[in-house]
Every structure is written in C-alpha cells, then in structure tokens.
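> Coordinates for the following, if possible.
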Amino acid sequence: MFNSAEHIEYINDRLRLIVSPAHTFGTDALLLAAFSMPKQNAKCIDFGTGCGIIPFYWIREGVRNVCAVELQSLACDQLRRSIKLSGIGERFTLIEGDLTKLKGVLPFGGFDTVSMNPPYTPAGNGILSASEADKTARHETNLTFAALCRSASDLLKFGGSFSICLRPESIPLSAHVRGKCLIDERLQSLCLVLFRNGTYDGVAYDVAAAVNHIGGGISKDVGGKLSRLTI
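All right, here's what the predicted structure looks like:
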C-alpha cells in the first residue's frame, strides 16, 4: 500500500493520509483547510491538492463530498491509495489534470468553495527547486496566478468563496481581480485570503496570528481581521 519513503498521518481514527518527501503538508495547508471550511453539503474543490490534506481535513470535519484536482501523476497515485486506505472513495472525486482545462470536466458555476495553497514564487524569481515536484509546488512554472483566478471564477457560483494562502506582496493582484486592495502593514510572511466570486468583498488574515489556534479549529475571525479587500 505504501513504500519505504512514505508514511501514514492519521487525520482521525479512520482517515489515514499517505505522505512522502515529495508530497506532504505543512502548517500553512492545515490553516488553509480550516480557513476555507465548506458547509456540510457544499460543493467544494481543492486545486493542486498534492497529498490531499485539505479535502481530508474537510471530510474529517463533516463535509459530505469533496473534489480535488492534481496535475502530478505521482501525487495522484499517492492520494488514490490514501482514499482507498481510508474507505472514502464514494465521497472523494479526484481529477488528474490541469486545473486550467476543466471545461467539460466539471460544471462551471457549480461550486460553493474553491481552495488552493498555490506556488509562492513567481516565474523568473528565486532559485528553482531541484525536483520537479518541488518546482510545481513552489514556483509558477506550470500555473500563473492570473490563470488560477480565472479557473476558480469559472467553477464558482456567484458569491462562492475562493480561499488561498499568499505572500503579502501578492495580495493586490491588480492585474487579476477588479478594483483596489487595501493592505494592512501588519501582514507579515504568509496570509490567508478569501475572495467572493463576482462581489467586492474579501478578507485577509496574518497566518502567524492563527498558528496557535490550529488545534481547536479556526473561525473566520481568528487573529482579527487585518484588512478589507475590494475585489
């Protein structure tokens, strides 16, 4: 079921998630999973799901059905084994493919929630990671932020939520979302950001302010609202 480089993380006594050096998760993914928490019967999807921690977290918290998209075949294989191991195949839809090419694959305008823990480094910036898996996860080599925003908007209902984890300097997104954005100087290393599709509301939270709350789950008000976005 899993090889010597992999191990199991127990999400609860029934949900078992296989992780590996190439496809694992960190605190930012757990915070985003809680921050983006869909309602129990919501139609929800996680882009670039990797090992699948975000949809697994959602299922643990009572979401009935989840969907996820992943480009990398090795990550998909790892996640399929986690789904089988946990016995949640009827509740989990995994799509292996490019999240910018979902027309005809998923219903446009049919989702309540989209989440993604995206690559943090724009193309041409920083030193490229050595492995292909790390390049895809950390650098905009296969996905630009503009394309990500378009894909999320295509899938979401009007007013649906798009939750992401971003560096503060990426939040204005003036080329990708409408209107202006007021950024609080207290936003430090990473931020949890929520946009509403087709509306002018959104919120941003400093990740550092939320870390200590992860054990009890995170409400939308954790850490205090640090900035109001107009998008």
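
> Tell me which helix or strand T93 sits in.
Taking DSSP states H and E as the definition, one finds T93 inside strand 92-96.

> Quick check: mean pLDDT of that strand?
Average pLDDT, strand 92-96: 98.

> avg pLDDT for whichever helix or strand comes after that strand?
Downstream of strand 92-96, the next assigned helix or strand under DSSP H and E is strand 111-116. Throughout strand 111-116, pLDDT has a mean value of 96.

> what's strand 111-116 packed up against?
For strand 111-116, the packing partners by 3 or more CB pairs under 8 Å, 6 or more residues apart in numbering; DSSP states H and E come out as strand 44-47, helix 145-155, strand 156-166. Bear in mind the C-beta positions are built from the backbone N, C-alpha and C, glycine included.

> Most tightly packed of these?
Most buried of these, by mean neighbour count (mean count of other CB atoms under 10 Å): strand 44-47, with a mean of 27.

> Identify the residues contacting that one?
Outside of strand 44-47, the residues within contact range by CB atoms under 8 Å, 6 or more residues apart in numbering are 38, 52, 54-55, 58, 63, 66-69, 99, 106, 111-116, 118, 148, 151-152, 155.

> now the helices and strands packed on strand 111-116 as JSON lines including mean pLDDT and distance to R81?
Rendered in JSON lines, the data for the helices and strands packed on strand 111-116 read as follows (pLDDT from 0 to 100; distance: least, CB to CB, whole Å):
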{"stretch": "strand 44-47", "mean pLDDT": "98", "distance to R81": "18"}
{"stretch": "helix 145-155", "mean pLDDT": "87", "distance to R81": "26"}
{"stretch": "strand 156-166", "mean pLDDT": "87", "distance to R81": "26"}
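
> What segments of this structure are helices?
Applying DSSP state H to the chain gives helices spanning 27-35, 53-60, 73-86, 132-138, 145-155, 207-210.

> Is S20 in contact with Q72, as I believe?
No - in this structure, S20 is not within contact of Q72 by CB atoms under 8 Å, at 11.5 Å.

> which one of the two has more residues nearby?
Set S20 next to Q72 and count neighbours by other CB atoms under 10 Å: Q72 wins out with 20 against 16.

> ok, back up a step: need the helices of the chain in CSV (columns: distance to A42).
CSV is the format used below for the helices of the chain (distance: least, CB to CB, whole Å):
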stretch, distance to A42
helix 27-35, 14
helix 53-60, 9
helix 73-86, 19
helix 132-138, 26
helix 145-155, 13
helix 207-210, 22
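
> Quick check: which of those is buried the most?
Counting by mean count of other CB under 10 Å, helix 53-60 has the highest mean neighbour count of the helices of the chain, with a mean of 24.

> Please spell out which residues along the strand holding T93 are buried.
For strand 92-96, burial by neighbour count (16 or more other CB atoms under 10 Å) applies to 92, 94-95.
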